[in-house]
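Novice: Everything below, folded, please.
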Amino acid sequence: MSTKIAVLCSKAFKKRILSIAQNIDDIQLEFYLYNQPADAPSMLKQIKPCDALLLGGTLPYLHAQSLLETLPIPWNYIKQDETAISTTLLSLIANHAIPLEKISIDVMNPVFVDNVLADIEYSGPKPYVYPISIVQAPNDILQKHIKLWQTKSIDFVITSIHTVFDELQVLNIPAMRVLDATSSIIQCLEETKSQSLLTKFESVKAAVGLLDIPENNDFNSLILHHITTATHSTYKQITPHHFELYTTAGHLQNAFEKENMQKLLQQIEKPFKLAFGYGHSIFEAAQNAKYALEFAKPFEVYILDEHKNLLGPFPNSEAKISLKTNDPYILQMAKQTNLSPANISKMINFSRERQSSQFTSHNLSEYLQVSRRTTERIIKKLVDQGYAKAVGEEMPHQQGRPRTIYELNFATY
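Specialist: You can find the predicted model right below:
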């Protein structure tokens, strides 16, 4: 089955990409043409069901950027880079023999032009270069080119904006568009296709859930019904109070992205424990769910994926903790402190999420959701090996012992 890609671009770019797309197997392009890159956000609402979205340039991407994250499909865009600039300048010199100092060019980033000229060791007079952005009207760029032409400062214009090129043609000012290299377009199409296939693969991945719920039979059926409905799960009863749920990673992800699932979990008054596992088979997913359930506490949900990354607890947090690592630095720390790689990963996440580098055992205990005694043992192991240090004390109450303030003493980035 072919991958259907919606292409949001100008009419000129449509001709360009059609001549190239035939080199890629199993893709189907459906075009949505704009007159101005600023039209991209409104045109997103016109896109019919497809597997991926490709925007034909950096400008439409910048205009639509804030909306792209809400799309349920992967997206990509044709990026302007040094390859596009060098290809365009080579075409200009080969076909028009115009000196570089007699051209004006508008680009997303003027550094690209500087880099190309430096790469070819060009030391002569430079072209006129104008940066473009979404806050500058295309007509402003057009007028700059026209002024240079009227004063006979230039003989040619290179533009990144298709509407500017069209206006220059009407005025009989020699011009060309920035050329996206064929290899760059092919690579972008291949990337977009791969993103779509990966998303499809991830969404159909097996997901198995383990649910422990209270002994009240009436309440059991109510919890079970709401959770299976929200996650599109089927289930098997293992014991009177223990159930296995079967769904896909795609259904589960959608369930947790919707506020009604979060509200459901928060409204359940009786304690329950729920964990899911991902895997390439039902057996692997069930094993991962079993491991994840060991971390779950009442009113919490954890997910353990096939890479042994522990996600959760939902709905209050979506932190990722690695229960398996090949990082030699973490493995060395785990060996020296006699802590598990999972605990090291938790400490790294703890450090990244805090606004302050300093913490107390109380802070860490709340984050890890373990007893104060367990937390103090973890801190002691870190301190003994030089991975944490005491830096002061605080007195949270008028009576009682002061709390020691600590700082981590290892890289967490």
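Novice: residues in contact with the helix or strand harbouring residue 4?
Specialist: According to DSSP states H and E, residue 4 maps onto strand 3-9. Residues outside strand 3-9 that contact it (C-beta atoms under 8 Å, 6 or more residues apart in numbering): 14, 17, 26-34, 40, 43-44, 47-48, 50-57, 60, 64, 189, 192-193, 196-197. All C-beta spots, glycine's among them, are computed from the backbone N, C-alpha and C.
Novice: Now, the residues you listed that are in helices?
Specialist: Judged by DSSP state H, helices contain the following of the contacts of strand 3-9: 14, 17, 40, 43, 60, 64, 189, 192-193, 196-197.
Novice: shaky segments in the protein?
Specialist: Of all residues in the chain, those with pLDDT under 70 make up the ranges 1, 216-220, 257-267, 315-326, 353-356, 396-400, 412-413.
Novice: Please name the residues that touch the spatially most central residue of it.
Specialist: Nearest to the geometric centre of the chain sits residue 69, at 8.4 Å (C-alpha atoms, centre = their mean). Residues near residue 69 by C-beta under 8 Å, 6+ apart: none.
Novice: Give me the distance between it and residue 44.
Specialist: 12 Å (C-beta to C-beta, to the nearest Å).
Novice: Next: residue 240.
Specialist: Residue 240 is 50 Å from residue 44, by C-beta to C-beta.
Novice: more crowded one of the two?
Specialist: Per other C-beta atoms under 10 Å, whichever of residue 240 and residue 44 has more neighbours is residue 44, with 21 against 10.
Novice: Go ahead and confirm the more buried one touches residue 75.
Specialist: No: in this structure, residue 44 is not within contact of residue 75 by C-beta atoms under 8 Å, at 9.6 Å.
Novice: Which neighbours do those two have in common?
Specialist: Joint contacts of residue 44 and residue 75 (C-beta under 8 Å, 6+ apart) are 53, 68.
Novice: bridging residues for residue 157?
Specialist: Taking DSSP bridges, one finds residue 104, residue 175 as the beta-bridge partners of residue 157.
Novice: Let me see the ranges of the strands in the stretch 201-350 of the chain.
Specialist: Taking DSSP state E, counting those that start in this stretch as the test, the strands found in the stretch 201-350 of the chain are 206-212, 234-239, 242-248, 273-279, 300-304, 309-314, 320-322.
Novice: show me where the stretch 101-250 of the chain has helices.
Specialist: 110-119, 138-150, 162-170, 182-203, 217-231, 249-257 (DSSP state H, counting those that start in this stretch).
Novice: What are the buried residues along the last one?
Specialist: In this case it means helix 249-257. For helix 249-257, burial by neighbour count (16 or more other C-beta atoms under 10 Å) applies to 249-250, 252-256.
Novice: of these, closest to residue 122?
Specialist: Nearest to residue 122 out of the buried residues of helix 249-257 is residue 253 (C-beta to C-beta; 50.7 Å).
Novice: I figured residue 247 was touching residue 204, is that so?
Specialist: No: using C-beta under 8 Å, residue 247 is not in contact with residue 204; the gap is 10.6 Å.
Novice: about what we covered before: now the strands of the stretch 201-350 of the chain as JSON lines including distance to residue 99?
Specialist: What follows is the strands of the stretch 201-350 of the chain, written out as JSON lines (distance: least, C-beta to C-beta, whole Å):
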{"stretch": "strand 206-212", "distance to residue 99": "63"}
{"stretch": "strand 234-239", "distance to residue 99": "72"}
{"stretch": "strand 242-248", "distance to residue 99": "61"}
{"stretch": "strand 273-279", "distance to residue 99": "60"}
{"stretch": "strand 300-304", "distance to residue 99": "61"}
{"stretch": "strand 309-314", "distance to residue 99": "56"}
{"stretch": "strand 320-322", "distance to residue 99": "55"}
